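In: need coordinates for the below:
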Amino acid sequence: MARGNPMPVPWGQGKDGMGMALLVVALGGNALLRAGERGTAAEQARHLDEVAPALAALVLGGHRLVLTHGNGPQVGNLLIQQEEAVRLVPPMPLDVCGAETQGLIGYLIQSRLWGALRAAGSDVPVVTVVTQVLVSETDPAFRNPTKPVGPFFSPERARGFMVERNWLMREDAGRGWRRIVPSPEPLRILELDAVRALVEAGAVVVCAGGGGVPVCERQGRLEGCEAVIDKDLASALLAADLGADRLVILTDVERVAIRYGRPDEERLDRVPVSRLRRFQAEGHFPPGSMGPKVEAACRFVERTGREAVIGHLDDAARAAEGVAGTVVVPEEE
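Out: Sure thing, here's the model as predicted:
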């Protein structure tokens, strides 16, 4: 099955054209939580207060803005809460937990960005769309789950879950045992038309949180899957299907690097997608860190012929303008 929808007619014209540039900005986990924090609502709101003015500046500068975000820590905390209360309240399946955290994080982003916009004299609305993403039941990921989720357990409890709940459990780097779930390819953003309509109406839209809720179509019905979609790949699909002018992936590094951590480490500024693909094939970008971001950037550039940027959250405004971070371009310049 082909990825995504047919290539749309571009609706943004960029800074040099007649229309407003449409940006899809993927917020990394560090937008809400930092290492060592407990994950309280106050902590997450405080971090969003730090990034909200930069996002508001993009809107005030005339850009149309769609925001996506991760939800790994929030889902992990929710799963811990469920296990602690399992004797009192029935636990929800993973797809429902994903939907719950889309609402939780979307609300926090809405409230902080709304405040930043109002402080600057703007009445642009901010809206969250709980987003479903179609995946295929025949995706190889369902036969080979790789994504760890939730809390760590002792070997004894892990064995119990494997029998009682039919979970796949694996030992994780000496820290305990965790549940492993599939990470299938995102095929289609089911709320795409709604997102498009909201942006055309002038709203900032928060959507596809955590990669969206993975769903399969069975006999004319949508059914949630016990799986996790990579949020950067979902963001690339969303950006391409919307006809975005630029995909911006914000994380905790200033640029993508090859030979990372070695004396001859090289940070990449502007790089053609074909060259980045060569570095990818050489194994420079591990699956658990920079790999999905590089893959997402490459997919967007290859499909649209436009630029993608991977940059630091603290430099959001400049990254969105393509003057900071690693800018992935269609071809040699």
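In: burial count for residue 262?
Out: By other C-beta atoms under 10 Å, 9 other residues sit near residue 262. Heads up, the C-betas are built off the backbone N, CA and C, glycines and all.
In: actually residue 139, not the one I wrote
Out: Per other C-beta under 10 Å, the neighbour tally for residue 139 reads 19.
In: against residue 182, how distant is it?
Out: Counting by C-beta to C-beta, to the nearest Å, the gap from residue 139 to residue 182 is 7 Å.
In: ok, residue 75 next?
Out: For residue 75, the distance to residue 182 (C-beta to C-beta) stands at 15 Å.
In: show me the contacts for residue 298.
Out: Residues in contact with residue 298 (C-beta atoms under 8 Å, 6 or more residues apart in numbering) are 273, 276, 277, 280, 308, 328.
In: I should have written residue 219 there, sorry.
Out: Applying C-beta under 8 Å, 6+ apart to residue 219 gives no contacts.
In: begin at 94 from here
Out: With 94 as the first residue, the last one maps to residue 312.
In: in the contacts of residue 391, which residue is surrounded by the most others?
Out: Highest neighbour count within those: residue 401, with 33 neighbours (other C-beta under 10 Å).
In: identify the bridge partners of that one.
Out: residue 340, residue 421 (DSSP bridges).
In: tell me the pLDDT at residue 132?
Out: According to the prediction, residue 132 has pLDDT 87.
In: my guess is it meets residue 171, correct?
Out: No. Using C-beta atoms under 8 Å, residue 132 makes no contact with residue 171, being 10.1 Å away.
In: more neighbours: which of these two?
Out: A direct count of neighbours by other C-beta under 10 Å for residue 132 and residue 171 places residue 171 higher, at 21 against 14.
In: relative to residue 127, how far out is that one?
Out: In this view, residue 171 and residue 127 are 19 Å apart by C-beta to C-beta.
In: hang on, the earlier thing: between the contacts of residue 391, which sits nearest residue 211?
Out: Ranked by distance to residue 211 (C-beta to C-beta), those are led by residue 401 at 30.7 Å.
In: which residue ranges of the protein form helices?
Out: Remark: helices assigned in the chain by DSSP state H are 134-153, 165-177, 187-212, 248-257, 285-293, 324-335, 366-374, 384-397, 409-413.
In: tell me the most buried of those?
Out: Each of the helices of the chain was scored by mean neighbour count; the highest is helix 324-335, a mean of 27, by mean count of other C-beta atoms under 10 Å.
In: show me the contacts for the nearest residue to residue 126 once chain neighbours are set aside.
Out: Nearest residue to residue 126 in three dimensions, chain neighbours excluded: residue 166, at 5.0 Å (C-beta to C-beta, 6 or more residues apart in numbering). When contacts are counted by C-beta under 8 Å, 6+ apart, residue 166 touches 122, 125, 126, 132.
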